[in-house]
Each structure stands twice: as structure tokens, then as C-alpha cells.
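K.L.:
build me a model:
(2 chains)
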Amino acid sequence: MHNATPVPRNTAIQESAVTRIGLTGLTLVLLVTLLALPLLIVFAEALKRGLGPALDALAEPDALAAIQLTLLVAAISVPVNAICGIAAAWCIGRFVFPGRRLLVALIDLPFSISPVISGLIWVLLFGANGWLGPWLDRHGIRIIFAVPGLVLATMFVTFPFVARELIPLMQEQGAAEEDAALTLGASGWRIFWHVTLPNIRWALLYGVLLCNARAMGEFGAVAVVSGRVRGQTTTMPLYVEALYNDFDSVGAFTVAALLSLLALVTLVMKAILEWRMGRRGGVGR
Amino acid sequence: MTAGVGRSALPGFGLAMGVTFAWLSLIVLVPLAALTIKPWELGLTGVWQSIMEPRVLAALRLSFGGAAVAALINLPLGLLVAWVMVRYRFPFRRLADAMIDLPLALPTAVAGIALTALFAPSGWVGSLLGPLGITIAYTPAGVMLAMVFVGLPFVVRTVEPVLMDLPAELEEAAATLGATRGQIVRRVILPAIAPAILSGFGAALARAVGEYGSVIFIAGNMPMRSEIAPLLIVIRLEQFGYAGAAALALAMLLLSFLLLVALGLLQRKLRPADA
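P.N.:
Below you'll find the predicted structure:
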């Protein structure tokens, strides 16, 4: 934490050393038990029988298929949400129109909806007994229990990440630089590429990072639409569940360890980006 | 906010608005509309009956009650962590700070099996608690533990910035007037951060209510006892009771919405000074 309150404080408004050490110790105990131990046990369980069996578990065809599918789903849903998030931030951050606040609230909506419900809504639309189910069936199109359903459910849960980073930033920055470029005769796209994008790049990257972490780690929403066909509609988190329910502990925790590494990389990059942007990150949700 | 003069001179509004609107409608609004319409296939009484089943009520009670208890537990925990992070300097502080966000970055299924392994009777922590007569895994306590895990960062990250911006002069003035440290914390600091505490509580609660992945592994999922409402939605869906699943989902959304409105009103009451 870079721009925190400076340390030298008036001793009249500080706790005694005993209190300070006590509270700090309590915090560390809490963070270790509640946060560090769960992370540690994932790796411990994965390597319980050594590195060999763990690597074997990752080399399984179903494991490789799950990794591929997870990458595919993220590769579709993250860019779409990023581009649309930029478009939303351009409207809301650069123009004044009625209903802006409502639009912001609607964009944030998916965050307050349970993952399971985020999957359910797609089944209601495209499932066998859903609105469009019979029509899709006649035309041989599968959405639910297939990759498109996984992508749609993932897009819903990761919908706000990029937009909610960019909207407040662009509102704060104001349009002065873009207006200047416009006066100098730059076209819309030129303004966007040379003025706007450089100004928002770190926040954009930050949003994409969090969006990607959620897209690759999502469980509840994709569980509902997946149908869990191994090797076909099973993403990494779903594969973890499948192995766990098969009592394949080493396999489940090995794939879980891979996902944990993704989480750790995300946290490190998040800290770096927060330092670059010169701010503390809020809740990344 | 004040309308920036000349903003509308920039191009691209139509295109950007079109993209935004299409994106929002296709991914969020249309599917949610399906959710609000589907339950009524059962008819009004059908919807009511499907929600008033004892098993459903028990699941709703656990999801909302458990989430409330977890958010309450997270208040002192989150306040403690935020306080120590903002006010004190100690070794590994940066590492600890980064760790706080772990529950947001760790996939929920991973958190679920990790917490289960840790707190199962044979696990590292579970085997210590067992002799004390405390069982966490496969009980409602396990559900709440997972909810505490996912909710903690919300309280910490909401309280931290407010605590950081609290002017030292306030505390100094109170100290000059002879207040003890305890009095200052209770009378000066806590009231100032109360609205932030409440929004952190609301965010942790909202997250825990709908939580699925990190809960179902440790819950044991016994009907009437440790079965959460989202799991019941999944079960109904698997039995092709689309309307029944949608009815329960809609009930959950409405309840959460009412809760958040109530918390918002309470929050407005907490800060009459700068109203």
C-alpha cells in the first residue's frame, strides 16, 4: 500500500504497544487460518503422493480438454465484455443523456445475482423446456449442455467487470483532451486510439484481469448449463467437482492447484496494476 | 454530476450506445425477463405453494439466515483487519494485504474443496476442533464458514478507504479534550465509519446469500438442515421443474432486493450530519 497514511502519528491518538501487537497478531492468525491455510492445503493435497501422480492427473485427456474448454470460454467472453464495456464507458463517461444512472445500475446488475440463477436464466430461454428450446431442437442447434451455453453463462457473470472500472475513471477524467483532439481535426477513431485508450489502458487491463479470473474460475453458473459431459462440456472448475465426487483427491486438488496458481498470478498482477494506477483497489467484484 | 459543456461534440455516441444497448439487452435484460415470466406458468397459487414447501423454506432460511450470521461475524473480523492494515506497520504487511482479496480471485469450487479438506474431521483444523466437540464440515456451521470466507474482503475493502481518509485532527481534538483511547474509538471513529461498515455488511450479505460453489462441498447438503436455496434451484432444474426453479430464483432475488433496500434506508439514517 503505497499512498497510505504516513506512519508518524501523534502518540496521544495511538494505542499502546501491547494493544497494537495484540491486534496485529490476531489479524495475522485470522488471515493465516481463513485464507492461507485453504490455499496451502490445495497444494499439499495435490502433491500428497509426489509430483508424478499430480502431473499424470494433468496429462489425462479429460483434464486437457477441460483446460482447453476453459481457455476457449474465456477467450470468447472476456473480449466481448471488454469491447462492450469500453462502448458503455464511452457513452456514459463522455455524453450527457437521460437514464445514465439507470444504465450504470443495469450494467452492475449481474453482480447481485446468484451464480446459479445466472445459469438458470439461460436454461429458461434455451433449455429443452425453455422458450426457444423446441425451435432450436428442430433446427439442430444446441446451446444448453453445449459450449454456447457455457459462454453465455460466463458472459453474464463477468458482464460488469470492465465497464465498472472504466465508467468512473472516464467520468473523472473528463473530455477535455478528446475535445482538444477534435478541435485539431482528429477523427473519432483516431481520438479513441490516440487519446482515450492510452488514458484508460491500466484500468482496462485491470478490468480485463478480474474479468478473466472470474471467467476461468466460474462454477455455479456454468454448472447449471453444462450437463457435465467429460471431455466436452466440463470446464476446469467443473472437472474439479467431478474428480472430487469420484474420490480422486489427487486429481481434484491438482486441477484445483492449477486454478489456484491462476488466482495467485491474478492477485500479483492486480497489486502491480494498482501500484501503476497509483491507487488502492477496492473490492474487485 | 455537472454536465460537461461540449461533450456531445464528440462523435460515436450512436455507435457506442447501440453496442451497449444490444449487449445489455441480449446478455442481461432478456434472460432476466424470462426469469420474471416463467414462474407464473404455475399460476399464482402454484408459485405460492412451490415456495411454501417446508424444504424450500428451510433452504431459504439457511441461505438468508446463514448469510446474515456470516456477515455479522465478518463485521468485527473485517473491522479488525481493516484497522490493522490501515493503522499499523508490520512485517509481511504487503503480502497480507494482497491475501485479503484471495476469496475474490480463488475459484469458488477450489475454495469449497479446500475449506472442506481443512475443516473435515480428519483435516488440519477439523482434527483440532473435533476433540473440543466442534464439528464444522457437513453442518450449517460449515455453510456459514464458507460464507464468512467469501464475504470477508467486502467488509475490509469497504471500511479501509474510509478509515484511511479519517482526519487525524478529529482524534487529536478528542484526545486534547481528555477522551481516553477507548472513548475516541467508540465515540469518534466508529460513528464516522458506521456507514461504510453497513455497506460492507450489505455487500458481504448479498454475496453470501447467492453463494454456491464454496458452500456445497462443505455443507453436506442434507435437506431441511444444511441445504442452501441455490442448490435447491439446481435440484429442481435437474428434475425439469423449470417453473418451480424459476419461482424459487425469483423469490430469492426479491428477498435480496428488499434486504438491500432496507439496508440502504438504514444507511441514510446513519449519516444525518452530511445529509
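K.L.:
for the longest helix along chain B, buried residues please.
P.N.:
Ordering each helix of chain B by length in residues (DSSP state H) puts helix B:54-87 first. Applying a neighbour-count criterion of 16 or more other C-beta atoms under 10 Å in any protein chain shown, the buried positions in helix B:54-87 are B:56, B:58-60, B:62-64, B:66-71, B:73-75, B:77-87. Backbone N, C-alpha and C define where each C-beta goes, glycine included.
K.L.:
same question, stretch B:220-240
P.N.:
Neighbour-count burial for stretch B:220-240 [16+ other C-beta under 10 Å]: B:220-221, B:226-237.
K.L.:
report the rounded mean pLDDT for it.
P.N.:
Stretch B:220-240 carries an average pLDDT of 92.
K.L.:
and what about residue B:240, helix, strand or coil?
P.N.:
coil (DSSP: H, G, I helix; E, B strand; the rest coil).
K.L.:
nearest spatial neighbour of it, skipping sequence neighbours?
P.N.:
Among residues not flanking residue B:240 along the chain, residue A:129 sits closest, at 6.0 Å (C-beta to C-beta, 6 or more residues apart in numbering or on different chains).
K.L.:
count the residues that sit near that neighbour.
P.N.:
Here the number of neighbours of residue A:129 (other C-beta atoms under 10 Å in any protein chain shown) works out to 15.
K.L.:
about what we covered before: give me the subset of the buried residues of helix B:54-87 touching chain A.
P.N.:
Counting by C-beta under 8 Å from any C-beta of the partner chain, B:77, B:80, B:81, B:83, B:84, B:85, B:86, B:87 from these sit close to chain A.
K.L.:
residue in the stretch 51-200 of chain A with the shortest distance to chain B?
P.N.:
Closest residue of the stretch 51-200 of chain A to chain B, C-beta to the nearest C-beta: residue A:114 (2.7 Å).
K.L.:
what's the closest non-adjacent residue to that residue?
P.N.:
Distances taken as C-beta to C-beta, 6+ apart place residue B:210 nearest to residue A:114, at 2.7 Å, with adjacent residues excluded.
K.L.:
how many neighbours does the one you found have?
P.N.:
Residue B:210: 24 neighbours (other C-beta under 10 Å).
K.L.:
same thing with residue A:83?
P.N.:
The burial count for residue A:83: 13, using other C-beta under 10 Å.
K.L.:
so where does it fall, helix or strand?
P.N.:
In the assignment (DSSP states H and E), residue A:83 maps to helix A:61-94.
K.L.:
quickly check: that helix near chain B or not.
P.N.:
Yes - counting by C-beta under 8 Å from any C-beta, chain B is contacted by helix A:61-94 at A:80, A:83, A:84, A:87, A:88, A:90, A:91, A:94.
K.L.:
and for the third one, the neighbour number?
P.N.:
Summarising burial for residue A:84: neighbours were counted as other C-beta under 10 Å, giving 24.
K.L.:
what sits against it?
P.N.:
Residues counted as contacts of residue A:84 (C-beta atoms under 8 Å, 6 or more residues apart in numbering or on different chains) are A:163, B:19, B:20, B:23.
K.L.:
tell me the pLDDT at the third one?
P.N.:
At residue B:20, the predicted lDDT confidence score is 95.
K.L.:
that one contacts residue A:88, correct?
P.N.:
Yes - contact criterion C-beta atoms under 8 Å: residue B:20 and residue A:88 qualify, at 4.3 Å.
K.L.:
who's more crowded, the two?
P.N.:
Each of residue B:20 and residue A:88 had its neighbours counted (other C-beta under 10 Å), and the higher figure belongs to residue A:88 (28 against 23).
K.L.:
which residues does the more buried one contact?
P.N.:
Contact partners of residue A:88, counting by C-beta under 8 Å, 6+ apart, are A:103, A:107, A:163, A:166, A:167, B:16, B:19, B:20, B:23, B:24.
K.L.:
which residue, other than its chain neighbours, is closest to the third one?
P.N.:
The reference is to residue A:163. In space, residue A:163 is closest to residue A:85, 3.8 Å off (C-beta to C-beta, 6+ apart).
K.L.:
any idea how many residues pack against that neighbour?
P.N.:
By other C-beta under 10 Å, the residues close to residue A:85 number 27.
K.L.:
relative to residue A:202, how far out is it?
P.N.:
Look at residue A:85 and residue A:202: by C-beta to C-beta, to the nearest Å, they are 15 Å apart.
K.L.:
which residue lies nearest the spatial centre of chain B?
P.N.:
residue B:204 (2.4 Å; C-alpha atoms, centre = their mean).
K.L.:
hey, where'd the helices end up in the stretch 51-200 of chain B?
P.N.:
Using DSSP state H, counting those that start in this stretch, the helices of the stretch 51-200 of chain B run over residues B:54-87, B:93-99, B:102-105, B:108-119, B:126-129, B:140-165, B:168-176, B:181-184, B:190-210.
K.L.:
turn the ones you listed into TSV, including mean pLDDT.
P.N.:
Shown next, in TSV, are the helices of the stretch 51-200 of chain B (pLDDT from 0 to 100):
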stretch	mean pLDDT
helix B:54-87	96
helix B:93-99	91
helix B:102-105	95
helix B:108-119	96
helix B:126-129	93
helix B:140-165	95
helix B:168-176	86
helix B:181-184	85
helix B:190-210	93
